[in-house]
Every structure is written in structure tokens, then in C-alpha cells.
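Chemist: No sequence on hand, only this structure:
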């Protein structure tokens, strides 16, 4: 009888030891966290807010959420300054930030920003109303009113320069994607130049409410953009939007989740582990998470990885060189 009576006590002892270890492992962890996203109505906001909810749920006893921001350039600055724990950034603004060339902090290398995990590619795509008769980039009229997204966003930073490279003369407008979609529908804009993960909610909403043209790059336009900017070739799958009848040629830029480099290693390890091992749940957040997988870690060549993130990748067969770890 004594032998059997000891079993519950032994089990309880093990459970108490495990609980004590779990508490010890979280020493120094924040009580809550914020993920910097972008404007409402864009993929960043949906992806980032959903990701934060997933991480908070999986970790337990911790709150987290997405925060509306101006997009990648501001996210890099907010993370570097310690205003938020995590953010989302494209490789172009990240390259500028690491080199001390961010427009928000010229001459100041942002060395408290570390890469965490790959997210998805951001295609650069153009949408106009069908009744505008704009069916190609070359048909965009001189002086066209073009919405480029929030000021300082990836779209606002790179798309105007790309269109200038392609010889387009335009009047620049800024705003959140949902707001710009409304302006396009009301005739206050001629074109919206989107740089966002697909499907872009604002475009999907426009399709429901009116007829639109999703304008692709020609092969020559695509190559000119690739030669001049940190973008690569991309095809928007036809099943992304009801409007598309076949894949549409575009260019794209990779996105990575970023973290403050001074966050506890075990904390970032767990956050990375949860994200990389739950792609099905990430896909429930947004379809663009189809590429939020470990194999795509190779697409960051500019930011050092957080030691916690690097440890997960190295333990799981995705080697990150020591000189790429903070």
C-alpha cells in the first residue's frame, strides 16, 4: 500500500519541479509585448495582429497585440528604440536602417534590431478602376493621382522611385490602404500602387464593390525595376483575386519579423519555435503565411539574427552562420 501511496506524491513532486523550472526559464521575460504592423486594411496589420494573438495564446499568462504604425521604416525605429518588442519589416528599409540610412534617423545605424523569422514576399502591384481604361503601366497618364500607402511605408519609399524609373509622371498621395481604396472608388485617385502581402484586403474589397484592373509589369518593366532596386521577380497567382484570369507579372521584396536584440534569448526562441512549428495556424491568420516556413530564412542577408531565433533554426537543420548572429 505504501508503494502505491507514494506514486501520486512522486507525480506531484515532478509537476512542481517542472512548474518551478518553467517559472525560472521565464526570468526577465516581458509581461506583455507589442508587434508593430502598419495601417489598418493592409496585410501587415492582419498578419501582425493575428500572429500576436497566436503567440500570446500559446505562451499563456502573457498579453500581446498588434499596433498600427507607419509600416516597416517606423517599425525598425520603434524596435531599435525599445518602444515595441517586435515589428515587421521588408529587406529594403532594413538594409537602410542597418547602414544608418533610415530617413527617420539618418546617420544612426540601428543596431538593436535583429531578424527573427521569414514572413512572406511583398509584391508591388497596381490597381485602377476598369472605367479608367488604364490597363498597363505605360497607360498611366501624366499627372495621375497615385496613392502609395502610408507615408514612410515600403510602398511609399520604393514604388514612387520605381514608377519614376519607368518614366511615369504622377501626383503623390498617401494614406491607409482602406482609405485610399475609398478614394479610388470615389474618383479622387487614378491609381493605387500597392506594396503589401497578397491578397491585399483593400483590393479584395474593391473587387466586391466595383470592377477593377490589376495591372502587371511587362518583362522589360520588371527587369528595369530589378536592375535599379532591391526587388526580385514575382508572379501574382491568378487565384489571388477574382479579377485575374492568369498570373500577373510583378516584383517583390521579402519581409522578416524583427525583434529587439536585447530581448531574452529564451523568450525569442519560444516565439520563433511557436511560429515555425504552427504554419497551419499561421495560415488561418493570413494566406500569405504559406511562405512563413524555415526554408525561407536564407532570404535575410542584411540583418543579424537574434540569438534566440538563430538557436531554433540551427537546432532544426537551418544553418545560420556565426557572423549573422547578433
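Modeler: Structure's in. What do you need? Note that the structure is predicted; figures quoted are calculated from it, not measured.
Chemist: what's residue 169 sitting at in phi/psi?
Modeler: With angles defined as degrees, to the nearest 10, residue 169 sits at phi -100, psi 130.
Chemist: tally of neighbours for it?
Modeler: Residue 169: 11 surrounding residues under other CB atoms under 10 Å. To be clear about C-beta, it is placed using only N, CA and C from the backbone, and glycine gets the same treatment.
Chemist: for residue 183, same thing?
Modeler: Around residue 183 there are 16 residues (other CB under 10 Å).
Chemist: Same check on the one 5 residues further on?
Modeler: In terms of burial, residue 188 registers 12 neighbours under the definition other CB under 10 Å.
Chemist: And residue 208, by the same measure?
Modeler: 7.
Chemist: contacts for the helix or strand where it lies?
Modeler: Using DSSP states H and E, residue 208 maps to helix 201-209. Residues from elsewhere that reach helix 201-209 (CB atoms under 8 Å, 6 or more residues apart in numbering): 41-43, 46, 125, 127, 177-178, 180-181, 184-185, 192, 194, 212, 214, 241-243.
Chemist: Now, those residues that are in helices?
Modeler: Of the positions in the contacts of helix 201-209, 43, 46, 177, 178, 180, 181, 184, 185 sit in helices, assigned by DSSP state H.
Chemist: So the first one sits against residue 198, correct?
Modeler: Read that as residue 43. Yes - contact criterion CB atoms under 8 Å: residue 43 and residue 198 qualify, at 7.3 Å.
Chemist: What segments of the stretch 201-326 of the chain are helices?
Modeler: 201-209, 219-228, 265-276, 279-285, 307-315 (DSSP state H, counting those that start in this stretch).
Chemist: The stretch 51-200 of the chain too?
Modeler: According to DSSP H, counting those that start in this stretch, the helices that the stretch 51-200 of the chain contains are 72-80, 91-98, 154-165, 177-185.
Chemist: List the buried residues in the longest one.
Modeler: By that I understand helix 154-165. 154, 155, 156, 157, 158, 159, 160, 162, 163 (16 or more other CB atoms under 10 Å).
Chemist: which one of those is nearest residue 326?
Modeler: Using CB to CB, residue 154 comes nearest to residue 326 of the buried residues of helix 154-165, at 23.2 Å.
Chemist: what sits against the nearest residue to that closest one once chain neighbours are set aside?
Modeler: Distances taken as CB to CB, 6 or more residues apart in numbering place residue 90 nearest to residue 154, at 4.5 Å, with adjacent residues excluded. Applying CB under 8 Å, 6+ apart to residue 90 gives the contacts 72, 122, 154, 195, 253, 254, 255.
Chemist: Many thanks, I have nothing further to ask.
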